[in-house]
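Undergrad: Provide a 3D model corresponding to the input given below.
(one chain, ligands or ions: 1)
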Amino acid sequence: MLPLRLAQVRSWLLDEGSLTSSLIAASNGDFEVCRLQQSWRIPMPSERRALNMATRQLALVREVTLLCHQQPWVFARSVIPAATLDGPLRHLRRLNQQSLGALIFRHPKLGRSPFQLALLAGNHTYIPAQLQQRESAWARRSCFRLHNKSLLVSEVFLQPFCRWQQQSLQQSG
Ligand SMILES: C=C(O[C@@H]1C=C(C(=O)O)C=C[C@H]1O)C(=O)O
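TA: Below is the predicted model of the structure:
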């Protein structure tokens, strides 16, 4: 199957609301978060730049898949600087299988930067090996801000999501 054209996924890529909420609705509630890893690491250079972090500074890096109907629809990587874990988002330290979005979207003053979009090769090293695929994958990235604290969230829309979206578009004509 060819990767979806931008026009076919644009509404999902540019939606500023909670992706968790959208996927729960799309899957009629058959949704779960699977935490792949969560550890203190030096972020990638482009992530450090997006967060204005110093070169050797550590951040809490969380990687999950968002599963709908037990299928991995999205791979998400969040980079949370230590300073962000001291403020109103300090409970993110203890995040496990709960959705990060379910927590941060509770805050009415949550801000979000404009999205950066990319079409990644399905075997791009950014995607964990077990999630890599033949088809290219659309990805988006944005910075959340709350009380001058930031965290960077990247999401890659995988093939099971694309198959569902293509069927949805065909059914809606
Ligand atoms: C930011 C959101 O949280 C989602 C859940 C994540 C997690 O649990 O680690 C990470 C990114 C998002 O896909 C959202 O729902 O919009």
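Undergrad: got the residues of the chain near the ligand?
TA: 18-20, 33, 62, 64, 66, 74, 76, 78, 99-101, 153, 155 (CB under 6 Å from any ligand atom). (C-beta placed from N, C-alpha, C; glycine too.)
Undergrad: right, and the pair among those residues with maximum separation?
TA: Greatest spacing in those, by CB to CB: 18 and 62 (16.0 Å).
Undergrad: who's more crowded, the two?
TA: residue 62 (21 against 17; other CB atoms under 10 Å).
Undergrad: that's a helix at the more buried one, yeah?
TA: No - using DSSP: H, G, I helix; E, B strand; the rest coil, the assignment for residue 62 is strand, not a helix.
Undergrad: is it in a bridge, and if so with what?
TA: Taking DSSP bridges as the rule, residue 62 bridges to residue 38, residue 78.
Undergrad: Tell me, what's the model's pLDDT at it?
TA: On pLDDT, residue 62 comes in at 97.
Undergrad: Next, find the distance separating it from residue 75.
TA: 12 Å (CB to CB, to the nearest Å).
Undergrad: Same question for residue 120.
TA: 10 Å.
Undergrad: Burial check on the nearest residue to residue 98 once chain neighbours are set aside, number of neighbours?
TA: Excluding the flanking residues, the one nearest residue 98 by CB to CB, 6 or more residues apart in numbering is residue 33, at 6.8 Å. Residue 33 sits with 20 neighbouring residues when counted by other CB under 10 Å.
Undergrad: Kindly report the same for residue 138.
TA: There are 24 residues near residue 138, going by other CB under 10 Å.
Undergrad: Model confidence at the residue in the chain positioned nearest to the ligand, what's the number?
TA: Closest residue of the chain to the ligand, CB to the nearest ligand atom: residue 101 (2.0 Å). For residue 101, the model assigns a pLDDT of 95.
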